[in-house]
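> sequence below, structure please.
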Amino acid sequence: MRELLSAYARDPDATWVCGGFGALAEFHFDEGEEVSFTDGATIGAATARGAFRLDCVPELRAVAYETMGKKGKYWGQGLVLCLPEKQAYTDARTVVTELGADIEAIRPGDRSAILFDLGIGKSQSDICVRTADPRTIDLLRGACGKSFFGHGHDVAVQMPALSPHRVFRSKVARVEVYQPIPPPDGKTPDGPHTHVRLNLVKHRRSHAATVPVPQGWLPVLWLFPPHPLQRASGAATPFDAGRYQAFQDLLRRFGDTDALVGKSAASEADVSTRAGRLGFRIAQRQSQVRQQYGA
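Modelled structure (predicted):
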């Protein structure tokens, strides 16, 4: 597992995501961008725009899955890394809370900056910001004990202008984003970025229903391996048979049995489970693409 994930950590078209439903931090780097890597029991990568880190503990469980695509994408694919619930649980704070110096920051120069949990309330991840700027520290301290989205203070409104580092962390992983936060009407920047959507986080779900996290487990980090039709930046590419096969290998190793049965079925009538029917439909889309490209 460690060797597999370490290889993906060095792939510019792999994306790493930490957080939960409605609050996500994403990291990837561009080909040719200056990157420093970490290997061993802890893997990771860091650039001037962001970083990620994962402690490869023995309890990690990988689940590979595919989803039906939207908005022109044929299908999605991902590898979610999970821990048993009791091991994955965080404090799930629901108010802004000062946590002190971020001594576990990925870059040594950030370890004296102050970390604040925004109180998003995810059961398996802390959604935080980090800053050494006195004005931002004062603003966040004034919000402590209150809801980040409450009407008694304007900390959420001022975040784009202040743009502290975003630090989304689980018990064994973190993604840090250093790029500025775009204004509400601005464009999401290329490369590492975050999404926090109030209409979604208020449900306090750990993950989307399309992610097949096993019962009794919680997601602590996502890996989105290179897609055969898309770059990490979102740019479309011609079908890449090697990438396609690489993920099918992951599915056979870490995927749901019912979904695999559906992918090899002759017709949808031959499968009886929801996962199997989804697998069949995705396989049909993939077959059409492979025929289109002669793969």
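> what average pLDDT does stretch 37-50 get?
Taken as a whole, stretch 37-50 has a mean pLDDT of 95.
> what about T257, how many residues close to it?
By the criterion of other CB atoms under 10 Å, T257 has 11 neighbours. All C-beta atoms are positioned from the backbone trio N, CA, C, and that covers glycine.
> pretty sure Y65 contacts P212?
Yes. Using CB atoms under 8 Å, Y65 is in contact with P212, at 5.2 Å.
> can you work out which residues contact both of these two?
Common neighbours of Y65 and P212 (criterion: CB atoms under 8 Å, 6 or more residues apart in numbering): D256, A259.
> more neighbours, the two?
Y65 (23 against 19).
> for the nearest residue to K202 once chain neighbours are set aside, give me its contacts.
Nearest non-adjacent residue to K202, counting by CB to CB, 6 or more residues apart in numbering: G22, 7.8 Å away. Going by CB under 8 Å, 6+ apart, G22 touches H195, V196, R197, L198, N199, L200, V201, K202, H203, R205.
> after the host helix or strand of the fifth one, which helix or strand is next? Please name it.
With secondary structure defined by DSSP states H and E, N199 is part of helix 198-201. Next in sequence after helix 198-201, counting helices and strands by DSSP H and E, comes strand 217-224.
> where do the strands of the protein begin and end?
With strands called from DSSP state E, the chain shows them at 15-20, 23-27, 36-38, 42-46, 50-55, 61-68, 75-84, 97-101, 114-117, 126-131, 165-169, 173-177, 193-196, 217-224.
> show me where pLDDT drops low in the stretch 151-295 of the chain?
Low-confidence segments of the stretch 151-295 of the chain (pLDDT under 70): 151-153, 203.
> picking that back up, report the buried residues of the helix holding N199.
Neighbour-count burial for helix 198-201 flags L200, V201 (criterion: 16 or more other CB atoms under 10 Å).
> buried sites along the longest helix anywhere in the chain?
Longest among the helix segments of the chain by residue count, using DSSP state H, is helix 274-292. Within helix 274-292, the residues that count as buried by 16+ other CB under 10 Å are A275, G276, R277, L278, G279, F280, R281, I282, A283, Q286.
> quick check: the first one vs S287, distance?
Taking CB to CB, to the nearest Å as the criterion, A275 is separated from S287 by 19 Å.
> about what we covered before: could you say what helices and strands the longest helix of the chain packs with?
Applying 3 or more CB pairs under 8 Å, 6 or more residues apart in numbering; DSSP states H and E, one finds that helix 274-292 contacts strand 61-68, strand 75-84, helix 241-254, helix 257-263.
> try it again with 7 Å
With contacts taken as 3 or more CB pairs under 7 Å, 6 or more residues apart in numbering; DSSP states H and E, helix 274-292 sits against strand 61-68, strand 75-84, helix 257-263.
> and the angle for that helix with strand 75-84?
Inter-element angle recorded for helix 274-292 and strand 75-84: 140 degrees (by axes from the mean of the first three to the mean of the last three CA atoms, to 10 degrees).
> list the contacts for G76?
E66, T67, G69 (CB atoms under 7 Å, 6 or more residues apart in numbering).
> ok, and the most crowded of those?
That'd be E66 among the contacts of G76, by other CB under 10 Å, with 25 neighbours.
> ok, it to G78 distance?
8 Å.
> for G262, same thing?
18 Å.
> next: G294.
Applying CB to CB to G294 and G78 gives a distance of 27 Å.
> the two: who's more crowded?
G78 (22 against 7).
> check contacts around that one.
Y65, W222, F224.
> and the longest helix of the chain with strand 61-68, angle?
In terms of direction (the same axes, to 10 degrees), helix 274-292 departs from strand 61-68 by 60 degrees.
> for helix 274-292, output the C-alpha coordinates as PDB.
Provided in PDB are the C-alpha atoms of helix 274-292 (Å, rounded to 0.1, in the frame of the first residue of the first chain):
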ATOM      1  CA  ARG A 274     -27.600  -1.400  -6.800                       C
ATOM      2  CA  ALA A 275     -23.800  -1.500  -6.900                       C
ATOM      3  CA  GLY A 276     -23.900  -4.200  -9.600                       C
ATOM      4  CA  ARG A 277     -26.300  -2.100 -11.800                       C
ATOM      5  CA  LEU A 278     -24.000   0.900 -11.400                       C
ATOM      6  CA  GLY A 279     -21.000  -1.200 -12.400                       C
ATOM      7  CA  PHE A 280     -22.800  -2.400 -15.500                       C
ATOM      8  CA  ARG A 281     -23.800   1.100 -16.600                       C
ATOM      9  CA  ILE A 282     -20.300   2.400 -16.100                       C
ATOM     10  CA  ALA A 283     -18.800  -0.500 -18.000                       C
ATOM     11  CA  GLN A 284     -21.100   0.400 -20.900                       C
ATOM     12  CA  ARG A 285     -19.900   3.900 -21.000                       C
ATOM     13  CA  GLN A 286     -16.300   2.800 -20.800                       C
ATOM     14  CA  SER A 287     -16.800   0.300 -23.600                       C
ATOM     15  CA  GLN A 288     -18.200   3.100 -25.900                       C
ATOM     16  CA  VAL A 289     -15.100   5.200 -25.200                       C
ATOM     17  CA  ARG A 290     -12.700   2.400 -25.800                       C
ATOM     18  CA  GLN A 291     -14.400   1.600 -29.100                       C
ATOM     19  CA  GLN A 292     -14.300   5.300 -30.000                       C
END
